[in-house]
Each structure stands twice: as structure tokens, then as C-alpha cells.
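>>> structure of the sequence below:
(chains A and B)
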Amino acid sequence: MNYSMIRYITGWMLKLEAYFMLLPCLVALIYKERGGLAFFTVAIVCFVIGKLFTYKKPVNQTFFIREGFVVVTLSWIVLSVMGSIPFVLNGDIPNIINAIFETVSGFTTTGASILSDVEAISKCSLMWRSFTHWIGGMGVFVFLLAVIPLSGGSNMYLMVAESPGPSVGKLVPKVKKTAMILYAIYICMTLAEILFLLLGGMPIFDSLATSFGTAGTGGFGIKNDSMGSYNDYIQWVVTIFMILFGVNFNVYYLGIAKKWKKALRCEEARVYFGIILVSIVIIAFNIRPMFHSIFSTVQHAAFQVGSIITTTGFSTVDFDMWPQLSKTILVLLMFVGACAGSTGGGIKVSRCLIAFKSIKKALDSYVHPRNVKKIKLEGKPVSHEVVRSVNVFLVLYVVLFAASVLLLSINEFDMITNFTAVAATINNIGPGLELVGPSKNFGSFSDLSKIVLTFDMLVGRLELFPVMLFFYPPTWK
Amino acid sequence: MKIIIVGCGKVGRTIAEQLSREGHDITVIDLRQDRVKMVTEKYDLMGVIGNGASHSVQKDAGIESSDLLIAVTDSDELNLLCCLIAKKAGDCSTIARVRNPVYNKEAAFIKEELGLSMVINPEFAAATEMARLLRFPQAIEIDTFAKGRVELLKFRIPSGSILHNLPITQISSKLRCDVLVCAVERGGQTTIPTGSFVLQERDTISIVSEPKSTSEFFRKIGLDVHRVKDAMIVGGGRLAYYLGHQLLEAGISVKIIEQNSKRCEDLCMLLPRAVIIEGDGTDKEILEEEGLKRTEAFITLTGFDEENILLSLFARAHTKAKLITKIKRTNFNEVIDNMDLDSIIYPQYITSEYILQYVRAKQNSRGSNIETLYKILDEKAEAVEFYINEDSEVAGMMLEELQLKQNILISCINRGGKIIIPRGKDTIESGDTVIVITTERLYDISDILK
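Model (predicted):
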């Protein structure tokens, strides 16, 4: 273990968080809120600790995948804990466990909240909540790689640990440039959404918070009814941007590099859009009687489907009231998730594709026992290593899921609540069904359950293995 | 610069490492997934799996926007094909590794007619370096500048030498010899010394001078300057052929010990004047029978690094011969350098030096071109030769006036063939080439200024 490198990177993380916290401070200045003081204090504390940690640059900069996974998990935990302190200090969320739940939910882009009245808390806290989505969406380490001078190729491990998808590649030869390109696309798309929302007459504060929530596919609303009270235009803009942020960013890069054909041929994105379209059509037919016009039926179906599959978690209506078929489809979409290399969570379309293709391969091997076949994705053979890691991922996913549901069942809530609560957190969505439905919140759970769900959010965002490795004793030997 | 490297063998990896460390955007292409994976995990670069001569694979690697393609696969023909296709597909510069002696004779023709920027032959380059060492056996390393008019020699100060306890400023007055000490290695530490630096025995020092003053200098400090008369080579690969050829041309008699009888026959045809011994070079008796004790140079060129090192250590114990050891793997060089083995040659380093030299020179758009570049002192320092053109910042300046950075030494000025070992009052003129010793990375002569 290269501890000095872990200390150094964690230090950088704290410094970054200090800079990020200046945004809520600014908001507090504008709205003249005293709660901003809490953010300012914590920002200074973070900066000082960070400065101390990064004071001495480690001589030995080499680290391996193990260190990469550990430092990413550690930093995410540190970030979340530091990020939750202002909520406690300024009294918006006095209970520390609740505050950590809320911050982890922010950074992991889950959007599950324990607040029953969102509109009651201060503007700076609201902005920080939404901003954590934006930071966590593309990933803090991707940001870090774009700004700090780390030598050597091993910093790729940081990106692998944080970026979603079965096999993380680079867009261009240098990690630093790759990270910069990703953030450039991310920032441009966020700005575009802010602009479109402003054009629709949304107040500037709301449009910033909403865009941050959409970009990171987070889903913290700043209204009690999430997006329900905004006009049709705004709801459509949010729908479209949610779906766009769920697409693999490689596609956008190919588009920028003028490789249109290759971009359009992306198998994962095609399947992703296919699933969205089919789901919208089925749900629209299913909920037709509940709305007066076809237009609003499609609008709400599309919004909910887009929100769930990209694991954002905004809502315009309480879909807990919808017929069973629609609810079931939405729950299934929770598991599918967005594309690899996007800001969304869930299992990811590409993993599902590989899993289904291995099922087909297994079936074929019974029909033609000597048949030689390779699993292909995007027209290229998928290495055995990747297929195996997908399988292990799915097994671990089921195990963690089952364990979480079991631990939650102590609460004596009904099965659907427990099941969807875990599904909504491990897939980084936010709302589930019944007691955790779009109009409810997670506040009614016991402290133990909240800790379990916080763990689930983290494990889901970092794609299981980094967090598991962190808690695996041999790692530290 | 955007550079594509085809082939991730030992040479490919070394080049990729060096170039990515210099900050270039590297993409590697190889057929074998495990090799690509290994390189991409270790260094900051991108990998593409596929046949490097295929147009679509080259397109995947971004040939259209690349500046340079380096083909270093096992096969000469494939390398040439890669370069031809890259030339058409991306209009970039190309470098091919071509090793076959048959093509080597035609290297100039190939380069001209196929439009390659550079053809490199690691074995040939290594052989040239070895031959140079045998002409001056006391040196551990010899590099030449200004078309051979200036030499950079590295050697170890023998015990009891006149140089022991001598400050550098007194060398020229005491020895009446125009040489410049440009780097000293002592106990693993490398320094670019100032005038007051005091030398000690067992230091490894590098000097810059003209060939004729070098011999004089060596004679005065009591080192033997006679070139070797015969050489014994163990292992009869391509490198042995190139070396044997060059040594015979220079009038040094050559004995090659090779195990494979087919290869012995080939060598016999290729080098009619050499003595070819069929037998196991690691066999003590054969070595003694062939006169290991009397030979003046012993060169180990087998395919195994371990064998080469053991043989050299054995020879060190039994003879006073000049030893040259070829090492392929570069990862243990600290250990090997601490052994008492005279000269070690790493063919990969020589190759990557050539390529680095080309890349830096190409990258430099400011004008004062890099003519030659050597990594000296185990990669810790570089010797770079610059051409000074009219609008250069240093042209017309006296050396005293220049505000130099730390660890920079202007060691030699070549003015139209006249070599000046510079002192403070000497000036740099346009049209000169100057040799700079540095531990920094230089792209342009103006980089030496603060």
C-alpha cells in the first residue's frame, strides 16, 4: 500500500471540496442567509486539512489498482462526511446520520431524501444539495485527473474505479486530456440545459439547481412536488436532457470528432433508446385513462421513463398511483440503468447486453456443442475477462441486494417498500414505491436502515468492487 | 506530438515509455491483447488491438491526425508495409525498424524511394557503438558529435591516477590538454561539476574533447590507449555479424563462438576472414582452448542476458580483456551497472535515443535544430548538439554573459569544423553547433537560459 499517495490524493480531494463549497457560500451572500457561514467554515477547514495533506508530494508516485480503488472509496466517504457537516451546523438537517444520508445521496446522484419539506430549508443548502449531484455525476476523480499533475500511467486506475461501465477506456491517449474532454462535454451540456430552462421562464436559481440535478442524473428537487409544478415546456426540456445525459459520453466525443457513422452505430446507445421508446409506448397506453389528452399522457410517460432509466429520479406525477403494469416496468427500468460511460447509475445497458448475449451463447452451446462463438459488443469481441467480471458483478449485486432487503425488513415495513427502497438507492435513482414513493421520503426509516441505504448508494455509484475492496481485510495487509 | 507505435515488443515498449514521459500523445497497436493491456496499464497512452498494417486499424488509432508512425514489429516487411500505408493514409512521417542485413545494405535506397523519414537497425547501431568502444578500450561509453570531430567519453579514474585529488580547473594547466570534464558519477550520484570540483579515484567521469587530444589526455593520465587487436565474440546472431564485419574492416581479428552449426556455416560465408567456432560458448574448456586468457576483447552477444552477464563475470576473473555485454532487458540496469563489467550495451536504448533525437528535432519549430542527442550516465543526463541559426537568442553572446540555468554546461563549440572547448570569453556565433550537457530536457537552445 502506498499510503503517502493515498494521503496526497485525499488531500487534493479536500481542497477541491473546499473550492466547490464556495458556490453555496455565494448563494448565501446573494440571498443574505446566515446558513452560508457554516459552508464557509467547513470550506476553510477542508482547505487547511487538504493543504496539510498535500504539503509534501510523495516521492514514490506509483500505485496499483488496489490503491486506486481504496483511495477512491476513501475520498468519497471523506467528501460525503465533510459535505454533510454544514447541514448540521446551519440547522437545516440537525441529525448527523440524516445529513450524511442526504449528502451521500447527493454525491452518488441518487436523489433520495429524508426531508419532508424541501421548500423549508435555506437556499444555500438547497444549492449545495443539487451541486453535489453535478460533482458526483461525472465524478470527482475525473475532475481531479483533469487538473492535478500526476505522472505515470497508473492514474488510469482512479478513472477505472470511478467511471461506470464494464470496461473503461480512454478517448485520447492521455488520461488528463480524456478527463478534460469529458468535463468539457459535461459543462457544455449543463450550460445548454440552463439556457433552455431560462428560456422557458424558470427562475435562475431553479434552473441552475434543476440542471445540476439533471446533468448528474441526481434528482434532488427544490420543490416538494419535484418537477410537477413547472410548465410543459420545462418538463420536456428536462426529459430530453435527462435522456441525453444517460448516453455514453463516447458517442458525443465521436460526434465532436466528426465520426458520425461510428457514433450512430453505437450498439449500447441504440438499445438504450430502443428500451426508452418501447417503455414509453407501453406505459402511455396503460395510463391513457388517467389523463385527459394524449399529449400530456405521452409527456408524463416520457418524463417518468427518462427519469427512471437514467436513474435521475425527478417526477412530475406520483407514479405510485399508476397501474401495476406501468409501475412494474418502471421498477424493471431501475435495474437496467443508463449507458456505461454516462453520468447515470444502475446495472448499465452494456452489462445487460453482455449478460443476455452470454445467456444466448450458453443456449447455443447446447444446440451445437462444438459451436465456437464469441460474444461481441459494438462489433468487437468482448474479452473473456470482461464477460467474467460482468457475471461476478451481477452475482455480487444480487447478494448485496438481498442482504440489504433483509436488514431493512427489521423495520416491519411492507415488502414493496423495502424492495424498492433498496432498488432506488443501489441503482442511484431516488424514489421507489409505497412508503418511499415520489411523494414520500426516506425519513421514516430507522437509523440502521439509513446506514444500510447510505452504504447501498455508495456501493452502487462506485460499481460494487471499489467499496467491497475497501472493506476486504486482505487489501490492507 | 501525436505518435503511433506499431508493435509492443521490448523496443516498442521502451520507445512508448520514453516518448509518453516526454509528454507526447502515444497510441500503440499490437495484435496481441495481453501486450497492449500491459502497456496501457503501465504508461499513460492508448492501445488498439489489431494488425498495424491494416488501414482501418490505423484509422482507429487516429492516423489522420498523427504526426509520426513508428513501426517496430518483429517483421521487417510488415514494418515497411505499415509505413507505406501510413504515408498514404495519414501523410505523416514514418520510422521503420529494419534488421535484415540484406535490407540493411539498401537502407538508403529504401528510405529515399519509399519516403520513410528514418530507418533504424538496432543491431547495426549497437554494433557500431561496440566497434567504437573497441577502438578505445579504456572508455566505458563513447558518443560522437559534429560528424566525429568531437567525442564524449566516459571512463573510470583508475586507482593512483594523477587525477586523484585534482580540482577540475587545474587539469588543463597541469596536463596541458584541452579537455572538458562535463559530468561526474560518484556513488550513484551524478553531478555536472563546477571548476572547483575535486576529482577522486574510482569516479566515473565524462569528458568532451577532440579525438587527438583524447589520446594525449589518456596517455598523460597513464591509461593505455592502444586499440584492441583481436576480439572474441560469444553468440553469432545478427549483432555478431554486424560487429564482426565492422571490426574486420578496421583490421581487428575476430573469433565468433556459435552453437548452431547452420548459423556457423552462414557466418562463415558472410565473414570469410573471421574464425568461426562451432560450440557452446558457455563451456569453460572451449573458451580456454580458444584463448580466452590472451584475447584483448571479450564480447557476449547470446540471446540470454543472464548468460551474457555470467560469461562476462567469468572473463573478468580470468583476463584483463575489454568486456562488452549486451543486455536486452532494461529493468535491472541499476543492479547490472554496479557490477564490474566495463561496457554494457542496451540495443533498445540506442534505438530509442535515435527516435527521441528525431522526435525532438521535429517538434522544435523555433529553429535551432537538434543535430544529435545522447542519453548519458544511465539516462540521468543528456548531451544535445544544437545548430545555431541567425535569430537565435544566444548568437553573438559571450559565454560569461549568458544567464544559464542550473545543471547546464556548454561543453563544446564547433565552428566550421574547428573545435573550441569554450572558456568564459568565447562567443557563440550563428552557424556554429554547440554541445550542451544537461540534466534538464531541452528542445531549443534558448531553453538553456533562465
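>>> and the residue nearest to B:I207 when sequence neighbours are not counted, what does it touch?
Once flanking residues are discounted, B:I207 sits nearest to B:V179: 4.8 Å by CB to CB, 6 or more residues apart in numbering or on different chains. No exception for glycine: its C-beta is placed from N, CA and C like everyone else's. Applying CB atoms under 8 Å, 6 or more residues apart in numbering or on different chains to B:V179 gives the contacts B:171-172, B:207-209, B:213-214, B:217, B:421.
>>> quick check: mean pLDDT across stretch A:98-117?
For stretch A:98-117, the per-residue pLDDT values average out at 91.
>>> got the end-to-end distance for that stretch?
In stretch A:98-117, first residue to last residue: 14 Å (CA to CA, to the nearest Å).
>>> just how off-centre is it within its chain?
Remark: stretch A:98-117 is offset 12 Å from the chain centroid, using CA atoms, centre = their mean, to the nearest Å.
>>> avg pLDDT for the strand or helix carrying A:F335?
For A:F335, the host element (DSSP states H and E) is helix A:324-336. Mean pLDDT, computed over helix A:324-336, is 93.
>>> who's in contact with that helix?
Contacts for helix A:324-336 (CB under 8 Å, 6+ apart): A:275, A:279, A:282-283, A:286-287, A:301, A:304-305, A:308-309, A:311, A:319-320, A:322, A:346-347, A:349, A:352, A:420, A:423-424, A:427, A:429, A:433.
>>> what are the buried residues along that helix?
Counting neighbours by 16 or more other CB atoms under 10 Å in any protein chain shown, one finds that the buried residues in helix A:324-336 are A:326-327, A:329-331, A:333-336.
>>> just to revisit the earlier point, just the buried ones among the contacts of B:V179, please.
Counted by 16+ other CB under 10 Å, the contacts of B:V179 give B:171, B:207-209, B:213-214, B:217, B:421 as buried.
>>> now flag whichever of the residues you listed is closest to A:I240.
Using CB to CB, B:V208 comes nearest to A:I240 of those, at 68.2 Å.
>>> and the residue positioned nearest the centre of chain B, what element?
The residue lying closest to the centre of chain B (CA atoms, centre = their mean) is B:I350, at 3.8 Å. Under the criterion of DSSP H and E, B:I350 resides in helix B:347-363.
>>> what do you get for B:E151?
Per DSSP H and E: strand B:150-156 holds B:E151.
>>> related to what we said a few turns ago, could I get the buried ones among the contacts of B:V179 in a markdown table, plus columns for distance to A:S439 and secondary structure?
Shown next, in a markdown table, are the buried ones among the contacts of B:V179 (distance: CB to CB, whole Å; DSSP: H, G, I helix; E, B strand; the rest coil):
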| residue | distance to A:S439 | secondary structure |
| --- | --- | --- |
| B:I171 | 89 | helix |
| B:I207 | 84 | strand |
| B:V208 | 82 | strand |
| B:S209 | 88 | strand |
| B:S213 | 92 | helix |
| B:T214 | 90 | helix |
| B:F217 | 92 | helix |
| B:I421 | 87 | coil |
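>>> what sits against A:S130?
A:106, A:208-210, A:212-213, A:218, A:220, A:222.
>>> how close does it sit to A:C124?
Distance, A:S130 to A:C124, by CB to CB, to the nearest Å: 11 Å.
>>> cool, A:T420 as well?
32 Å.
>>> more neighbours, those two?
A:C124 (29 against 23; other CB atoms under 10 Å in any protein chain shown).
>>> the residue of the stretch 251-400 of chain B found nearest chain A: helix or strand, and which one exactly?
Closest approach between the stretch 251-400 of chain B and chain A, counting by CB to the nearest CB: B:N331, at 13.5 Å. Using DSSP H and E, B:N331 falls within no helix or strand.
>>> gap between the worst-scoring helix or strand of chain B on mean pLDDT and the chain center?
Least confident element among the helices and strands of chain B, by mean pLDDT, DSSP states H and E: strand B:370-376 (a mean of 74). On the basis of CA atoms, centre = their mean, strand B:370-376 is displaced by 9 Å from the centre of the chain it belongs to.
>>> stretch A:209-219 too?
10 Å.
>>> list the contacts of residue 13.
Unless you meant another one, I'm taking chain A. A:50, A:75, A:78-79, A:140, A:144.
>>> oops, wrong one, chain B.
B:V39.
>>> mind checking the SS state of it?
The three-state label given to B:R13 by DSSP: H, G, I helix; E, B strand; the rest coil is helix.
>>> just the pLDDT at it, thanks.
pLDDT, B:R13: 89.
>>> B:I388 now?
82.
>>> neighbours of the residue lying closest to it once chain neighbours are set aside, how many?
The shortest distance from B:I388 to any residue other than its chain neighbours is 4.9 Å, reached at B:D432 (CB to CB, 6+ apart). Residues contacting B:D432 under the criterion other CB under 10 Å number 22.
>>> could you measure from B:D432 over to B:I413?
Taking CB to CB, one finds B:D432 at 5 Å from B:I413.
>>> try B:L248
With CB to CB as the criterion, B:L248 and B:I413 are 36 Å apart.
>>> who are the contact partners of the residue of the stretch 101-250 of chain B found nearest chain A?
Closest residue of the stretch 101-250 of chain B to chain A, CB to the nearest CB: B:G188 (15.8 Å). By CB under 8 Å, 6+ apart, the contact set of B:G188 is empty.
>>> got the phi and psi for it?
phi 80, psi -10 (degrees, to the nearest 10).
>>> is A:G136 in a helix, a strand, or coil?
helix.
>>> quick one: it from B:L442, how far?
Applying CB to CB to A:G136 and B:L442 gives a distance of 43 Å.
>>> just the pLDDT at A:K51, thanks.
93.
>>> list the contacts of the closest residue to it other than its chain neighbours.
Nearest residue to A:K51, sequence neighbours excluded (CB to CB, 6+ apart): A:K15, at 6.8 Å. Remark: with contacts taken as CB under 8 Å, 6+ apart, A:K15 is in contact with A:46-47, A:50-51, A:54.
>>> distance between the helix or strand where A:K15 lies and the chain's centre?
Here A:K15, judged by DSSP H and E, is contained in helix A:3-20. How far helix A:3-20 lies from its chain's middle: 21 Å, per CA atoms, centre = their mean.
>>> any buried residues in that helix, and which?
Quick answer for helix A:3-20 (16+ other CB under 10 Å): A:4-18, A:20.
>>> I'd say the residue nearest to the centre of chain B and B:F124 touch.
No: assessed by CB atoms under 8 Å, B:I350 is found out of contact with B:F124, at 9.7 Å.
>>> B:I207 contacts B:V181, doesn't it?
Yes: proximity of B:I207 to B:V181 meets the contact threshold set by CB under 8 Å, at 5.5 Å.
>>> ramachandran coordinates for the residue of the stretch 251-400 of chain B closest to chain A?
phi -80, psi -10.
>>> quick one: pLDDT of the residue located most distally from the centre of chain B?
Of all residues in chain B, B:S56 has its C-alpha farthest from the mean position, at 35.2 Å, by CA atoms, centre = their mean. Model confidence at B:S56, expressed as pLDDT, equals 88.
>>> can you list the helices and strands that the helix or strand encompassing it packs against?
Taking DSSP H and E as the criterion, B:S56 maps to helix B:55-60. Here helix B:55-60 touches helix B:76-90, going by 3 or more CB pairs under 8 Å, 6 or more residues apart in numbering or on different chains; DSSP states H and E.
>>> is chain A contacted by the helix it packs on?
No: in terms of CB under 8 Å from any CB of the partner chain, no part of helix B:76-90 sits within range of chain A; the closest distance is 14.9 Å.
>>> in that helix, what's buried?
Buried residues in helix B:76-90 (16+ other CB under 10 Å): B:76, B:78-87, B:89-90.
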